[in-house]
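# Give me a model of this one.
(one chain, ligands or ions: 1)
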Amino acid sequence: MTTATPATASSATVLAEAERRRTFAVISHPDAGKSTMTEALALHAKVISEAGAVHGKAGRRGVVSDWMEMEKARGISITSAALQFSYRDCVINLLDTPGHADFSEDTYRVLSAVDCAVMLLDAAKGLEPQTLKLFDVCRYRGIPVITFINKWDRPGRDALDLCDELVERIGLQPMPLTWPVGDAGHFRGVLDRRSGGFVRYQRTAGGATVAGEEHLPPGQAEAEEGVEWTRACEEAELLGASGGGFELGRFLEATATPVLFGSAVLNFGVRQLLDLLVEIAPRPTARADAAGNPRELDAPFSAFVFKVQTGMDRAHRDQVAFARVCSGVFERGMVVTNAATGKPFATKYVQQVFGQQRSTLDTAFPGDVIGLVNATALGVGDTLHAGKPVVRFPGLPSFAPAYFAVARPADLSRSKQFRKGIEQLESEGVVQVLRSLRRGDGAPVFAAVGPMQFEVAAHRLEAEFKSPVRLEPLPYTVVRRLADPKQRSIVDSGRSEVLTRTDGVDLALFVDSTALGVMRRLHPEVRLEPLVAGTDD
Ligand code: GDP
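Model prediction:
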C-alpha cells in the first residue's frame with residue numbers, strides 16, 4: 001500500500017479510504033477459471049504486466065502457494081490470502097478461496113471477510129456443486145453476488161438457458177448487464193445493455209495482455225456484425241420483457257444478480273467486471289459487535305481474524321493470522337489488544353500475502369486484510385482492537401461438518417505433543433474437535449467439512465508435533481445441533497451418536513438422512529436444529 005497516513009488519521013480520512021475499498025472473493029467450482037480470472041484482474045489493474053506472472057500458466061497451481069509439501073504433491077492450493085490492487089480510484093481486495101475439489105472450512109470463512117462475491121460459472125456447465133455450496137453461504141450471510149459467465153469463447157450452453165438456471169435452481173433473478181454477441185466459439189464481444197452499444201474485443205496473443213476494446217454504436221454494430229448482432233439484440237429484448245433490468249437495491253439485498261459474459265483466458269469482459277465492482281459492490285460498513293452494536297468505520301482500529309496459517313515460510317516455522325480491518329486505521333508497529341485474552345499484541349511484522357508473494361504493509365483501512373506474522377496467540381474468530389473500550393466481534397460460524405474420524409496418537413510416548421497439536425489445530429480451525437464421555441478411551445473425534453482437512457491435520461501433527469495420528473473414519477454424514485442436552489440419551493444410541501464440540505455445542509450425528517428421518521419420526525420431541533442455515537444438506 002502506498003498511502004502514508006499517520007495512525008491518527010482523521011475520521012474523514014478513514015471514511016474516505018473505506019469508501020474506496022471493494023473487498024470480494026470469487027466463488028466457483030474447480031476449473032471454472034478462478035485462477036485465470038485472478039490473473040486477468042491483476043493484469044487489468046496493472047499489478048502484473050503479463051498474464052501468467054501471478055500463477056504461471058504452466059504448472060500454475062504449484063506456484064500459487066506451495067507452502068506445504070503436501071500441496072506440492074497434490075498440486076493444489078490449500079491456503080488462502082488476499083491480493084490488493086488499485087483500480088481507477090479504488091483499492092480492490094480480492095480474497096483468495098482455496099480452489100481444490102474438497103471443501104474446507106477455510107473456504108467458507110473467507111466469505112465472512114468480504115462485502116461481495118463474484119460467482120464464476122463455466123458457460124458449458126452452469127451451476128456446479130461447489131458453486132452451489134459457496135452460494136448458500138453467501139445467501140446465508142446476505143452477501144451480494146455478481147455473476148460472471150466464463151469461457152464464452154468456446155461452445156457452451158445457451159445464454160438464456162444459463163440465466164434461467166439461476167432463477168430455477170437458486171431463486172436468484174439474473175440482471176444481465178452485457179449480452180454475448182457471436183455464437184459460443186465465435187465470441188465477438190458484448191452488447192452493453194445499459195448503453196445499447198456494442199463492445200467488440202480484440203484478441204491478443206494467448207490472452208497475455210489486456211484485450212483491446214472498440215465501442216460501436218448500434219447502427220455500426222448491425223452493419224458490421226449482421227445477424228449475430230441482431231440475434232443478440234432480440235435475445236436482450238426478450239430479457240427486457242421478463243424484467244431483466246438492473247436494480248441496485250435487489251443486488252444489494254442479494255435477491256438478484258447482475259450477470260456479465262466473458263472469457264477470462266482472453267481477458268474479455270474483465271474490465272466490465274472491475275468497473276462493476278467499483279460501481280456497485282458494497283463498501284465496507286459498520287460491523288456489528290458481539291452485543292449487536294455497530295462498530296463505526298471511524299472508531300479506533302478493530303479487526304477480526306478469519307484465517308490462521310502456519311508454515312508459509314519453510315525457512316522459519318511461522319504462523320500468519322489474517323485479519324480483516326473493520327474500523328479505524330492500522331499502522332505497522334502499532335500495539336493492539338487481543339480481545340480474547342486482553343493481552344497486547346505488537347504488530348511489527350505485518351504483511352500482505354498472496355500465494356508466496358509477500359510485501360510489507362504499512363497502513364490499512366476498513367475492508368483491507370492484514371497478515372500478522374508470528375501471531376501464535378491468535379485464533380480464528382479473535383478480535384483485535386486499539387485503545388479502549390474492548391470490542392469483540394461475533395465468533396465465526398462453524399459449518400456443518402460431513403466427515404468424522406476418531407483421532408488416536410500412533411506413538412503413545414508422544415501423547416502430550418499429540419494433545420498440544422490438536423489444541424493448536426483446533427484454534428486455527430483446521431478441524432473441529434468433538435468429544436464424548438461415552439467413548440471408552442476418550443479419544444477426540446475430528447470433524448471436517450471436507451476430507452482434505454483430515455489430511456492437513458494428520459500431516460501437521462506428524463511434521464510439526466512429531467506425533468503421527470491414526471485416524472479411524474466414522475460412518476456419519478449428517479449432523480444436527482441437539483438443542484436440549486437432557487435429550488442426549490435418546491439420540492445417543494444405535495445408529496446415531498452425540499458428541500460435544502469444544503465450544504459446548506452438542507452435535508447429533510447420523511449415518512445418513514434416512515437415519516435422521518427415522519429419529520424424527522420415532523422421537524418428534526427431540527429438538528434437532530440445523531448447524532448453519534444453508535450449509536446443511
Ligand atoms: P480454477 O480451477 O477455477 O482456478 O480454474 P483455472 O483458472 O485453473 O482454469 C481451468 C482451465 O480452464 C484452464 O485450462 C484454463 O486455461 C481454462 N480457462 C479458464 N478460463 C477460460 C476461458 O475463458 N476460456 C477457455 N476456453 N478456457 C478457460
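# wait, Phe187 sits on Pro180?
Yes - with contact defined as Cβ atoms under 8 Å, Phe187 counts as touching Pro180 (6.3 Å). Just so you know, the C-beta spots here come from the backbone N, C-alpha and C atoms, and that holds for glycine as well.
# who's more crowded, these two?
Pro180 (29 against 25; other Cβ atoms under 10 Å).
# can I assume that one sits in a helix?
No - using DSSP: H, G, I helix; E, B strand; the rest coil, the assignment for Pro180 is strand, not a helix.
# Wait, it touches Trp229, no?
No - applying Cβ under 8 Å as the test, Pro180 and Trp229 come out as separate, 11.1 Å apart.
# got any residues that touch both of Phe187 and Pro180?
Residues touching both Phe187 and Pro180 (Cβ atoms under 8 Å, 6 or more residues apart in numbering): Trp152.
# Can you give me the neighbour number for Gly245?
14.
# wait, what's in contact with it?
By Cβ under 8 Å, 6+ apart, the residues touching Gly245 are Met175.
# quick one: Ser489 and the ligand, what's the gap?
Using Cβ to the nearest ligand atom, to the nearest Å, we find Ser489 at a distance of 46 Å from the ligand.
# got it, and Glu428?
Taken as Cβ to the nearest ligand atom, the span from Glu428 to the ligand is 24 Å.
# Repeat that for Met334.
Noted for Met334: a distance of 36 Å to the ligand, by Cβ to the nearest ligand atom.
# got the residues of this protein near the ligand?
28, 30-36, 99, 150-151, 153-154, 263-265 (Cβ under 6 Å from any ligand atom).
# Doesn't Leu41 belong to a helix?
Yes - looking at Leu41 with three-state DSSP, it is inside a helix.
# Give the full set of residues in contact with it.
For Leu41, the contact set (Cβ under 8 Å, 6+ apart) comprises 85, 92, 94, 270, 273-274.
# Going by neighbour count, which of the residues you listed comes out on top?
Within the contacts of Leu41, most neighbours by other Cβ under 10 Å means Val270, with 28 neighbours.
# Contact partners for it?
Counting by Cβ under 8 Å, 6+ apart, Val270 has contacts 37, 40-41, 43-44, 211, 262, 264.
# From Leu260, how far out is it?
Between Val270 and Leu260 the computed distance is 9 Å (Cβ to Cβ, to the nearest Å).
# hang on, the earlier thing: mind checking which of the residues of the chain next to the ligand are in strands?
Among the residues of the chain next to the ligand, the members found in strands (DSSP state E) are 28, 150.
# Quick one: find the helix or strand in the chain with the lowest mean pLDDT.
None of the helices or strands of the chain scores lower by mean pLDDT, DSSP states H and E than helix 60-64, at a mean of 34.
# Where does Val479 fall, secondary structure wise?
Applying DSSP states H and E as the criterion places Val479 in strand 478-482.
# circling back: overlap in contacts, Pro180 and Trp229.
By Cβ under 8 Å, 6+ apart, the residues touching both Pro180 and Trp229 are Leu191.
# so Thr23 is in which element?
Short version, using DSSP H and E: Thr23 is in strand 21-28.
# What is that strand packed up against?
helix 34-44, strand 90-95, strand 116-122, helix 129-141, helix 270-280 (3 or more Cβ pairs under 8 Å, 6 or more residues apart in numbering; DSSP states H and E).
# per-stretch mean pLDDT over the ones you listed, give me the minimum one.
Between the helices and strands packed on strand 21-28, the one with the least mean pLDDT is helix 34-44; it has a mean of 83.
# Tell me where the stretch 51-200 of the chain is predicted with low confidence.
51-81, 98-104, 184 (pLDDT under 70).
# For it, which residue gets nearest to the ligand?
Relative to the ligand, the nearest point of the stretch 51-200 of the chain is Lys151 (3.8 Å; Cβ to the nearest ligand atom).
# Go ahead and confirm that residue touches Arg157.
No - Lys151 is beyond contact range of Arg157, at 10.5 Å (criterion: Cβ under 8 Å).
# These two: which is more packed in?
Shown here are Lys151 and Arg157; by other Cβ under 10 Å, Lys151 has more neighbours (25 against 16).
# How about that one, nearest residue that isn't a chain neighbour?
Nearest non-adjacent residue to Lys151, counting by Cβ to Cβ, 6 or more residues apart in numbering: Ala123, 4.8 Å away.
# neighbours of the one you found, just the number please.
Neighbour tally, Ala123, other Cβ under 10 Å: 25.
# same deal with Val190?
27.
# Which of the residues in stretch 124-143 are classified as buried?
125-127, 130-131, 133-141, 143 (16 or more other Cβ atoms under 10 Å).
# any idea which of these is the one closest to Val114?
When the buried residues of stretch 124-143 are compared for distance to Val114 (Cβ to Cβ), Ile143 wins out at 6.5 Å.
# model confidence over stretch 410-420, on average?
92.
# which residues are in contact with that stretch?
With contacts defined as Cβ under 8 Å, 6+ apart, stretch 410-420 is touched by 409, 461, 465-470.
# Low-confidence stretches in the stretch 201-350 of the chain?
Applying pLDDT under 70 to the stretch 201-350 of the chain picks out residues 205-209, 211, 240-244, 310-318, 348-350.
# can you pull out the strands in it?
213-216, 256-261, 287-288, 294-295, 302-310, 319-327, 330-331, 335-338, 343-346, 350-354 (DSSP state E, counting those that start in this stretch).
# Need the ones you listed in a markdown table (columns: mean neighbour count).
Below are those laid out as a markdown table (neighbours: other Cβ atoms under 10 Å):
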| stretch | mean neighbour count |
| --- | --- |
| strand 213-216 | 15 |
| strand 256-261 | 25 |
| strand 287-288 | 16 |
| strand 294-295 | 17 |
| strand 302-310 | 26 |
| strand 319-327 | 26 |
| strand 330-331 | 23 |
| strand 335-338 | 18 |
| strand 343-346 | 12 |
| strand 350-354 | 23 |
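# distance of the residue of the chain most remote from its centre from the ligand?
Distance from the C-alpha centroid of the chain, by Cα atoms, centre = their mean, peaks at Ala223 (43.9 Å). Distance, Ala223 to the ligand, using Cβ to the nearest ligand atom: 28 Å.
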